[in-house]
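Student: Let's see this in three dimensions:
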Amino acid sequence: MTTPGGGMAGGRGPDPVVQQIAFLSALVAIGLCWPLVRGLLPAEDRFGFADLVREHWAHRDHLEPWIEQRWAWLAAHSYHLWFALAAFPGVIAVSIVQGIDRRTAWPLLHAPLGWAAGAVLGYMLYGSLRADSWPLAVMMPATFAFLGGAIAARLATWPRKIKHLRGTRVRMFTGGRGARLRARVTGGVTLAGVPLSREDETMHVAAIGATGSGKSTALRGLMADAIRRGDRHVVADPDGASMSAFFSPGDIVLNPFDRRCARWDLLGEIERPSDYAFLAQSVLPHLGTGDHDQWISYAQQLLAGAMENFVTLQLGSSEDFAAMLAGATLAELKQLCAGTPAARYFEEGGERMLASILGTLSPAIGHLRQISAVEGEPFTIRRWIRGGSGSLWMPYSANQVAAVKGLISCWMNIAILETLSLEPARDRRIWFHIDELDALGRIEGLKDAQARLRKFGGCVAIGFQSFAQVKQVYGEGAQTIIENCGNLLLLRAGGSEDGGTAKLASELIGDREVERDDVSHSRTRGRFTTRSMSMQTRRTVEDVALSSEIMQLPNCEGFVKLATRARWERVRFPHVAHSTRVSPMIPV
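Tutor: Predicted coordinates:
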């Protein structure tokens, strides 16, 4: 934008005027400082510069040979160096004018360097030209010193790439290999090669990336560091990839389709009256849709009532309870729920409503029957959280997701909420790894527990490919789950009609306000051809990383933001293939 008078916005004139002012300022500065430079000379060697000018003017048509000798005398008394020193104030004057015009101090830093480089070059030419022309040789150091300083000052004000004013900052992270080595030595953990502080760990981690982008590799690297340190883990493990690499003797496996599965005791989790409703919500979580969630609430109430009477009357084990729910008649269910709030569902005239409630309850009953068929010693998650060791693995394959996702969501919810019942301890570390969050069912209480797990030493690490799928499971709470993760790893993500996950990643990185110089060139043709250049400074707000850039990231390359650091880190980390310790799945 230009002013009506032809100057640039902000009160600065066009570029040629600035150069004229700079040149005139240099002449004034040299003239004012020459007496100071002359005062440094010995009194017997001082020379009247005005006399030299008058002599040259008087003999301008034909220079007398004795004038050449006068320049030789100046060279003998080192005036070629004193003239170069006298040019220094002029260089500073030029840099001040350029700096004021461009509102930067860079010219003041570059000009002395340019003056020094020009003086050296001029002195080299002085040695070459003194045999041919003493006037030319004597003036070489001063001329090149002034030109070098003026050019350096001008280049320092040339259009800047970007000047960051505020907003998100991104830098390339180059210490990945050293960070991983330090983590092994000091017992720290890293996310994609970036070391996490102890405070970062309890601020939770979210890794977002498409298939093959390196999301699982980064999360397994984080898990490897934490296991090496001796932390405990509760892991929802797609395809059993993490368990096969990090399984240790004493670890627990929960998957009814795996021969190593522990025998989970549902009723063994009950320790107080409030646990009936808690377990019912864990086994049958809400889906985040208003209409269906209402029916789920009814089914939860029926399950909690049946469980309460079954335990109170001491009717049997968890296996017996699952079998009764699956095979009992309506009359038997009515008797089992007698005296509880769920008894009203069996009143006359409510047959259709009861049928809908039992239909909603059927998936949970199926899950309980699956785990009840496992043999072995009873195992409870709550007691393991309080006094167990090692890791709790929940592996599942793609063809088992529909059958076990309800159980995994239930187990993870019990583990998280039991951690919240422990004594606060910042030094404790229990990691909850949920890779492929969108593939599992809704984990009731996950978003609320994230805000409170910190003081209990709980650390949540989640990963997902598509935000749309996570939102389909958690509804509007999906955004809260991501916001509760202070440490973010953003890798290549897909886009859709409205931007998709790539747009979300771009928004998470944020924008910035920058100042950059715009240069425009123009040429006018006519009787005379003229060329001109104008430069102006613009302030703009822009995305730091476009969604299209996120979509084109290579594998194992992306952006990391830690909770305790203001900057984002651009990272590139290697793919690490961990050796297999155990089989990821041993079918029953």
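
Student: Where does the prediction get shaky in the stretch 1-150 of the chain?
Tutor: 1-16, 44-53, 55-68 (pLDDT under 70).

Student: ok, now with 90
Tutor: Across the stretch 1-150 of the chain, the ranges flagged by pLDDT under 90 are 1-87, 90, 93-95, 97-111, 119, 122-123, 125-140, 142, 149-150.

Student: show me where it has helices.
Tutor: Taking DSSP state H, counting those that start in this stretch, the helices of the stretch 1-150 of the chain run over residues 15-39, 49-58, 65-76, 79-102, 106-129, 134-156.

Student: what separates the fifth one from the chain centre, distance-wise?
Tutor: Taking CA atoms, centre = their mean, to the nearest Å, the mean C-alpha location of helix 106-129 is offset from the chain mean by 45 Å.

Student: Run through who's touching that helix.
Tutor: 75, 80-81, 84, 87-88, 91-92, 94-96, 98-99, 136-138, 140-157 (CB atoms under 8 Å, 6 or more residues apart in numbering). (Each C-beta comes from the backbone N, C-alpha and C, glycine too.)

Student: Need the buried ones from those residues selected in ChimeraX.
Tutor: Buried residues among these (16 or more other CB atoms under 10 Å), as a ChimeraX selection:
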select :75,80,81,84,87,88,91,92,94,95,96,98,99,137,138,140,141,142,143,144,145,146,147,148,149,150,151,152,153,154,156,157
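
Student: how about the helices of the stretch 1-150 of the chain, which one is nearest V514?
Tutor: helix 79-102 (15.7 Å; CB to CB).

Student: Contacts only, for S356.
Tutor: Contacts of S356 (CB under 8 Å, 6+ apart): W295.

Student: Name the SS class of it, please.
Tutor: Put simply, S356 is helix when judged by DSSP: H, G, I helix; E, B strand; the rest coil.

Student: For this protein, spot the helix or strand the model is least confident about on average.
Tutor: Every helix and strand in the chain was compared by mean pLDDT, DSSP states H and E; the lowest is helix 49-58, with a mean of 67.

Student: that older thread, for the helices of the stretch 1-150 of the chain, which one sits closest to A304?
Tutor: Across those, closest to A304 is helix 106-129 (CB to CB), at 71.0 Å.

Student: which of the residues in that closest one are buried?
Tutor: Neighbour count says helix 106-129 has 106-107, 110-112, 114-119, 121-123, 125-126, 129 buried, by 16+ other CB under 10 Å.

Student: Repeat that for stretch 473-490.
Tutor: 473-475, 478, 481-482, 484-490.

Student: Throw those into TSV and include distance to D320 and pLDDT, thanks.
Tutor: What follows is the buried residues of stretch 473-490, written out as TSV (distance: CB to CB, whole Å; pLDDT from 0 to 100):
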residue	distance to D320	pLDDT
V473	32	86
Y474	34	86
G475	36	83
A478	38	89
I481	37	92
I482	42	92
N484	40	92
C485	41	94
G486	45	94
N487	45	96
L488	47	96
L489	46	97
L490	49	97
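
Student: Please narrow these to those residing in strands.
Tutor: N487, L488, L489, L490 (DSSP state E).

Student: Closest one of the residues you listed to K405?
Tutor: For these, the nearest to K405 is L489 (24.0 Å; CB to CB).

Student: So that closest one sits against I208, correct?
Tutor: Yes. Counting by CB atoms under 8 Å, L489 touches I208, with 7.0 Å between them.

Student: overlap in contacts of those two?
Tutor: K215.

Student: part of a helix, is A299?
Tutor: Yes. The assignment for A299, made by three-state DSSP, places it in a helix.

Student: For it, the count of nearby residues, please.
Tutor: Residues lying near A299 (other CB atoms under 10 Å) number 24.

Student: Grab the nearest non-local neighbour of L196.
Tutor: V189 (5.2 Å; CB to CB, 6 or more residues apart in numbering).

Student: who touches the one you found in this structure?
Tutor: A183, P195, L196, E201, L222, D225, A226, R229.

Student: List only buried entries from those.
Tutor: Among the contacts of V189, the ones that count as buried (16+ other CB under 10 Å) are A183, P195, L196, E201, L222, D225, A226.

Student: Widest-spaced pair of those residues?
Tutor: P195 and A226 (12.7 Å).

Student: low-scoring stretches of the stretch 301-450 of the chain, by residue?
Tutor: 326-328, 347-352, 360, 363-376, 398-407, 409-410, 426-427, 436, 438-450.
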